[in-house]
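Novice: Turn this into a structure:
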Amino acid sequence: MVAVVNWLLVHWWVLVVVMLFAVLAGVGWFYSRTQQVRWDAVRAQGLHYGLSQLDALHHSRFEDAIRDLMRRDGCRDAARVGGGGDLGADVKATDPYGRRWVIQCKHRRNGARGSAVGTPDLQVLNGTARQVHGADVAVIVTNGRVTRLAVDFAKQQRLHVVDRETLGVWAAGSRPLWELLRAVPPPRRSTPLG
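Specialist: Now for the predicted structure:
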């Protein structure tokens, strides 16, 4: 013990270095913890959009917003895949229950006053969502209107329509999309959520 104390007295700088590393580790831990608390608070508030915000977006930013809403609801792999030749898929995601979502976005610059989403839009989704993209849940999302014929076609083909009203509720952050839609397929796997 005396030899260790004598060695430390001669090599005092070793104690300074150890103390310096301890202080730096403590500061790093504190900073990391503070950032985590801030991030948790932001996440708890959730991502929210108003319909007027969504109406003002460019169609590609609208697709980004839909992707971000899916991520907010727990779809960690949500990705925007839309663009030329997207074959009816603008956003793809897997929900916490293992269901694969394929979403076609139809942004209307004039919102509810813009042209209505019709049956042809749903026919494209119906022809590719399951067969090409492997969807369990095929959805068309619009910030505008949907024709009655399109709604009827969607029901017949097990497609889901997120119209302006449903989009407003979902974007406000009250519930995840799968809780707002009827007849969503059952989970593929059990999760801690249910």
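
Novice: Can you list the buried residues in stretch 101-115?
Specialist: Residues of stretch 101-115 classed as buried by neighbour count (16 or more other CB atoms under 10 Å): 101-108, 111, 114. Using the backbone N, CA and C atoms, a C-beta is placed for each residue, glycine as well.

Novice: mind listing which of these are in strands?
Specialist: Among those, the ones falling in strands (DSSP state E) are 101-106.

Novice: Including distance to Leu8 and pLDDT, could these go into JSON lines?
Specialist: Conversion of those to JSON lines gives the following (distance: CB to CB, whole Å; pLDDT from 0 to 100):
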{"residue": "Trp101", "distance to Leu8": "63", "pLDDT": "97"}
{"residue": "Val102", "distance to Leu8": "66", "pLDDT": "97"}
{"residue": "Ile103", "distance to Leu8": "65", "pLDDT": "97"}
{"residue": "Gln104", "distance to Leu8": "70", "pLDDT": "96"}
{"residue": "Cys105", "distance to Leu8": "67", "pLDDT": "96"}
{"residue": "Lys106", "distance to Leu8": "73", "pLDDT": "96"}
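
Novice: Which pair of these spans the longest distance?
Specialist: When CB to CB is used, the two most widely separated members of these are Trp101 and Lys106, lying 15.9 Å apart.

Novice: Ala150: what secondary structure?
Specialist: Under DSSP: H, G, I helix; E, B strand; the rest coil, Ala150 falls in the helix class.

Novice: That one against Val117, yeah?
Specialist: Yes. Using CB atoms under 8 Å as the test, Ala150 is close enough to Val117 to be in contact (5.9 Å).

Novice: shared neighbours, the two?
Specialist: Taking CB atoms under 8 Å, 6 or more residues apart in numbering as the contact rule, the neighbours common to Ala150 and Val117 are Val161.

Novice: What helix or strand is the closest residue in space to Gly111 that isn't next to it in sequence located in?
Specialist: Nearest residue to Gly111, sequence neighbours excluded (CB to CB, 6 or more residues apart in numbering): Asp55, at 4.2 Å. Taking DSSP states H and E as the definition, Asp55 sits inside helix 51-56.

Novice: from the chain's centre, how far out does the top helix by length along the chain sit?
Specialist: When the chain is scanned for its longest helix (criterion: DSSP state H), the result is helix 12-45. Computed by CA atoms, centre = their mean, to the nearest Å, the separation of helix 12-45 from the middle of its chain amounts to 30 Å.

Novice: What are the buried residues along that helix?
Specialist: Neighbour counts over helix 12-45 (16+ other CB under 10 Å) mark no residue as buried.

Novice: so for that helix, what's the average pLDDT?
Specialist: Here the mean pLDDT over helix 12-45 is 81, rounded to a whole number.
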